[in-house]
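[1] quick one: sequence and predicted model below, then my questions.
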Amino acid sequence: MNGVPVTAPRSIDWRGKRSAPHAIAVAIGHRPSGLYYARLTTGDGRVGFAPYVQRPGTPGKNSVAVVLPTNTWQAYNFRDSAGDGWGDTWYVTARIRTIDLTRAFLDRGVPSHFRSTDLSFLRWLYGTGKGVDFLSDADFQRIPDAGRLAARYRLIVFPGHEEYVTGHAYDLAEGYRDLGGNLAFLSANNFFRRVDRSGNTLHLIDLWRRLGRPEASLVGVQYLACCNGFPFGPYVVRGNAEAPWLFSGTGLSNGDPFGNGGIEIDARGSSSPRSIVVLANIPDLYGPGRSAEMTMYRNDAGASVFASGSLNFGGSAQNPLTSALLENLWRRLTAP
């Protein structure tokens, strides 16, 4: 969790507070939009973090928005705030259907899987000098309509595991695409489950595909398999002829392997757009015919939608070949 300090440290007198919980006010200030962590260190060497997303002061100043999967971060938060010995998440038991979005994260305050699925892409963004507007799921939810998004952004990137989305968020992404806005999904299992938000509580509803809105109709691919030892394997180039711009400068041709993807994987489904092209796949990662598929499609409004097909593609952004592919993708999807 090394980072660049943005404020000078300050000391807090804890005498008299003992071991009781106590709120600490942190001045956010006017800083560039991004993901920040408030870091707390104690005299005996303990360290804790509190992440927050700084939304843009002037939305649309940058032509690209990056939506961080804060709903998913909390769904994977096993903190037992109720004190009953069970983590307060539906991953513990199906009887739990709500989560509290204000809970502190376990693991010193760092969201689960942050280092493997989010951190490398964020470092790639900063390392390559990309100017973007950062949004949390809550910020995205507050945008009133897709027209507002289309007027502000040329590209919207979902870099992490964007599994839990509300109906309004689904409408926004779909409407933005239908107005010609480009989308990039750098993980897998995106727009998979519907949730409703009430205040700071997230309610689990059902799978979007069971509700008549299969995610493949938006993302291009849909969740296929996961777990079972969490296998990894290299992508194999399949679409060099259809998308030579993506592989430009990489030295990759059809049949060449690259990268190391897996964990959870996506593939095309019956609701995938007809124009979809397979750019690469990870063959038979979960058995014969169960392959991860990296895809892209273009709709009648001129929007292009890219999907990586594996959970950790964005999480490997600093791999030289992955970085080169991301640069080519960025250039293509942000071009006027």
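    Sure, I can see it. Treat the numbers as computed from the prediction; the structure is a model and nothing was measured. Residues are numbered from 1 along each chain as shown.
[2] which parts of the stretch 201-336 of the chain are strands?
    Applying DSSP state E, counting those that start in this stretch to the stretch 201-336 of the chain gives strands spanning 201-207, 222-226, 232-237, 257-262, 264-267, 277-282, 292-298, 304-307.
[3] tell me who's in contact with Val110.
    Counting by CB atoms under 8 Å, 6 or more residues apart in numbering, Val110 makes contact with Met1, Phe49, Pro51. The C-beta positions use only the backbone N, C-alpha and C, and glycine is treated the same way.
[4] 6 Å - rerun?
    Applying CB atoms under 6 Å, 6 or more residues apart in numbering to Val110 gives the contacts Phe49.
[5] ok, now which ones touch the closest residue to Leu224 other than its chain neighbours?
    Distances taken as CB to CB, 6 or more residues apart in numbering place Ala267 nearest to Leu224, at 4.5 Å, with adjacent residues excluded. By CB under 6 Å, 6+ apart, the contact list for Ala267 reads Val221, Leu224, Glu293.
[6] cutoff 10 Å now
    Ala267 sits next to 188, 216, 221-225, 278, 281-282, 285-286, 289-293, 295, 307, 309 when contact means CB atoms under 10 Å, 6 or more residues apart in numbering.
[7] and the lowest mean pLDDT element among the helices and strands of the chain?
    In the chain, the helix or strand scored least confidently by mean pLDDT, DSSP states H and E is helix 114-117, which has a mean of 90.
[8] for the helix or strand just after that one, packing partners?
    For helix 114-117, the following helix or strand on the C-terminal side (DSSP states H and E) is helix 119-127. For helix 119-127, the elements it packs on are strand 34-41, strand 64-67, helix 320-334, judged by 3 or more CB pairs under 10 Å, 6 or more residues apart in numbering; DSSP states H and E.
[9] may I see these arranged in CSV, with distance to Gly302 as well?
    Below are the helices and strands packed on helix 119-127 laid out as CSV (distance: least, CB to CB, whole Å):
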stretch, distance to Gly302
strand 34-41, 30
strand 64-67, 17
helix 320-334, 11
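[10] Phe121 against Asn319, yeah?
    No. Between Phe121 and Asn319 there is no contact under CB atoms under 10 Å: 11.2 Å.
[11] who's more crowded, the two?
    Of the pair Phe121 and Asn319, Phe121 is the one with more neighbours under other CB atoms under 10 Å, namely 24 against 17.
[12] residue contacts, that one?
    The neighbours of Phe121, taking CB under 10 Å, 6+ apart as the test, are 66, 68, 157, 159-160, 186-187, 313-318, 322, 326.
[13] mean confidence for stretch 105-112?
    Averaged over stretch 105-112, pLDDT sits at 94.
[14] now the end-to-end length of it.
    8 Å (CA to CA, to the nearest Å).
[15] now that stretch: buried residues?
    Buried residues in stretch 105-112, defined by neighbour count with 16 or more other CB atoms under 10 Å: Phe105, Gly109, Val110, Pro111, Ser112.
[16] just stretch 91-102 next, same as before
    Residues of stretch 91-102 classed as buried: Ile99, Asp100, Leu101 (neighbour count, 16+ other CB under 10 Å).
[17] for Arg238, state which of the residues you listed is nearest.
    Arg238 has its nearest neighbour among the buried residues of stretch 91-102 in Ile99, at 38.6 Å by CB to CB.
[18] picking up where we left off before, ok, which pair from the contacts of Phe121 is furthest apart?
    Greatest spacing in the contacts of Phe121, by CB to CB: Leu68 and Thr322 (19.1 Å).
[19] nearest residue to Leu119 other than its sequence neighbours?
    Closest residue to Leu119 apart from its sequence neighbours, by CB to CB, 6+ apart: Gly315 at 7.3 Å.
[20] please read the previous query as pertaining to Tyr286.
    Spatial nearest neighbour of Tyr286, chain neighbours left out: Ala225 (4.1 Å); criterion: CB to CB, 6+ apart.
[21] quick one: the one you found from Ala188, how far?
    Applying CB to CB, to the nearest Å, the value for Ala225 to Ala188 is 10 Å.
[22] neighbour count winner among these two?
    Ala188 (33 against 20).
[23] now that one, what are its backbone angles?
    phi -140, psi 170 (degrees, to the nearest 10).
[24] over to the one 3 residues further on?
    As for Phe191, its main-chain torsions (degrees, to the nearest 10) stand at phi 50, psi 40.
[25] any idea how many residues pack against it?
    26.
[26] how about the contacts made by it?
    158, 162-165, 169-170, 173-174, 185, 208-209, 213-219, 222-223.
[27] for it, which non-adjacent residue is closest in space?
    In space, Phe191 comes closest to Glu215 once its chain neighbours are excluded; the distance is 4.2 Å by CB to CB, 6+ apart.
[28] my guess is the one you found meets Ser271, correct?
    Yes. Using CB under 10 Å, Glu215 is in contact with Ser271, at 8.3 Å.
[29] any shared contact partners between the two?
    Listed as contacting both Glu215 and Ser271 by CB under 10 Å, 6+ apart are Arg209, Gln222.
[30] more crowded one of these two?
    Ranked by neighbour count (other CB under 10 Å), Glu215 and Ser271 place Glu215 first, with 28 against 14.
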